[in-house]
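J.: return atomic coordinates for the entry below.
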Amino acid sequence: MSKLDKLIEKIFSGSTITYQEAEKLLLFLGFDLEISSSHHNFRKIGYEKTITIKKRKELLPYQIHELRKALVKHGYQERN
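T.: Alright, predicted model coming up:
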């Protein structure tokens with residue numbers, strides 16, 4: 001299992017993740033990063049929503065939820 005697979009599994013399990021892990025995942029999914037002050041905005045052509053993450057040690061629960069939704073939109077599913 002690759003590091004990316006482990007990260008995806010971690011997100012679906014509801015575990016906390018770091019900003020660096022979230023950035024790595026979003027860039028892998030093809031999002032572009034635009035930094036505006038303390039907010040890091042991830043945008044992708046064809047994806048209806050901008051994902052905004054403030055750089056901090058651990059992401060907040062609603063931010064992990066946004067990552068989970070992005071993964072589902074990109075064809076990933078929670079493994080049982």
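J.: what's the spacing between residue 31 and residue 17?
T.: Distance, residue 31 to residue 17, using CB to CB, to the nearest Å: 16 Å. All C-beta atoms are positioned from the backbone trio N, CA, C, and that covers glycine.
J.: mind telling me what element residue 67 is part of?
T.: Element membership for residue 67, per DSSP states H and E: helix 61-73.
J.: any low-confidence regions in the chain?
T.: Applying pLDDT under 70 to the chain flags residues 79-80.
J.: centroid-nearest residue for it?
T.: By CA atoms, centre = their mean, the mean C-alpha position of the chain lies nearest to residue 67, the distance being 3.8 Å.
J.: so what's that residue up against?
T.: 11, 17, 22, 25-26, 51, 59 (CB atoms under 8 Å, 6 or more residues apart in numbering).
J.: what subset of the residues you listed is buried?
T.: Applying 16 or more other CB atoms under 10 Å to the contacts of residue 67, the neighbour count classes 11, 17, 22, 25-26, 51, 59 as buried.
J.: phi, psi of residue 17?
T.: Main-chain dihedrals, residue 17, degrees, to the nearest 10: phi -130, psi 160.
J.: wait, it touches residue 58, no?
T.: Yes - using CB atoms under 8 Å as the test, residue 17 is close enough to residue 58 to be in contact (7.1 Å).
J.: list just the nearest of the buried ones among the contacts of residue 67 to residue 73.
T.: Ranked by distance to residue 73 (CB to CB), the buried ones among the contacts of residue 67 are led by residue 51 at 11.0 Å.
J.: give the bridge partners for the nearest residue to that closest one once chain neighbours are set aside, please.
T.: Leaving out its chain neighbours, the residue that sits closest to residue 51 by CB to CB, 6 or more residues apart in numbering is residue 42, at 4.4 Å. In this entry, residue 42 is beta-bridged to residue 33, residue 51, by DSSP bridges.
J.: show the contacting residues for residue 42.
T.: The contact partners of residue 42, by CB under 8 Å, 6+ apart, come to 23, 26, 31-34, 50-53.
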